[in-house]
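Q: Need the 3D shape of this:
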Amino acid sequence: MPGQSQIHLSRRERQIMDIIYRRGKASVTEVLEDLPDPPSYSAIRALMRILEEKRHLKHKKQGPRYVYLPTRSHQSAARSALKRVLRTFFEGSSEKAVAALLEVSDSELSEEELDRLAGLIEKAGKKGG
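A: Okay, here's the model as predicted:
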């Protein structure tokens, strides 16, 4: 099943993917520079090879080094992760998830943000109705 391997990322693998998404592409050295408390170069290279095997990354040769790129867009990966969170913690309910987000929000939403959210809710209602 496509996307299943997304569930099985270690903390380090997630950190590496975050770096690659933020940069757009990265070499092992660049990932190493951005990682908090990084392990060895060879450990990062091995993790990136595992991410390739899991089909999260692909590489291309750029001069003397390999540059790694995500195989899916950040938006597609985020959508997949959000669906898993909805199923796991909110019984698949978008309403429960949004309510929880509003409850834990550290700041109040501006009038503009509320208007945008209302527009998104209205648009979603038209799609479903």
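Q: How many residues are close by Leu57?
A: 23 (other CB atoms under 10 Å). (C-beta placed from N, C-alpha, C; glycine too.)
Q: tell me the phi and psi of it?
A: When read as degrees, to the nearest 10, the backbone of Leu57 gives phi -130, psi 160.
Q: just for this structure, where's the confidence low?
A: Within the chain, the stretches with pLDDT under 70 are 1-7, 106, 128-129.
Q: buried ones in the helix or strand hosting Thr29?
A: Using DSSP states H and E, Thr29 maps to helix 28-34. Across helix 28-34, burial judged by 16 or more other CB atoms under 10 Å covers 28, 30-32, 34.
Q: Can you list the buried residues in the helix or strand just after that helix?
A: Where DSSP H and E defines the elements, the next helix or strand beyond helix 28-34 is helix 41-53. Within helix 41-53, the residues that count as buried by 16+ other CB under 10 Å are 44-45, 47-48, 50-51.
Q: before we move on, the earlier item: ok now the helix holding Thr29, how far from the chain's centre?
A: 18 Å (CA atoms, centre = their mean, to the nearest Å).
Q: which other residues reach that helix?
A: 16, 19-20, 22-23, 26, 38, 41, 44-45, 48, 65-66, 68 (CB atoms under 8 Å, 6 or more residues apart in numbering).
Q: what's the closest of those to Leu114?
A: Nearest to Leu114 among those is Arg22, at 29.0 Å by CB to CB.
Q: State the number of residues packed around the closest one.
A: Neighbours of Arg22 (other CB under 10 Å): 10.
Q: Could you report the separation of it from Glu113?
A: Separation of Arg22 from Glu113 (CB to CB, to the nearest Å): 24 Å.
Q: Over to Ala81?
A: Ala81 is 22 Å from Glu113, by CB to CB.
Q: The two - which one has more neighbours?
A: Ala81 (15 against 11).
Q: how about the host helix or strand of that one: buried residues?
A: Taking DSSP H and E as the definition, one finds Ala81 inside helix 74-89. Judged by neighbour count using 16+ other CB under 10 Å, the buried positions of helix 74-89 are Ala77.
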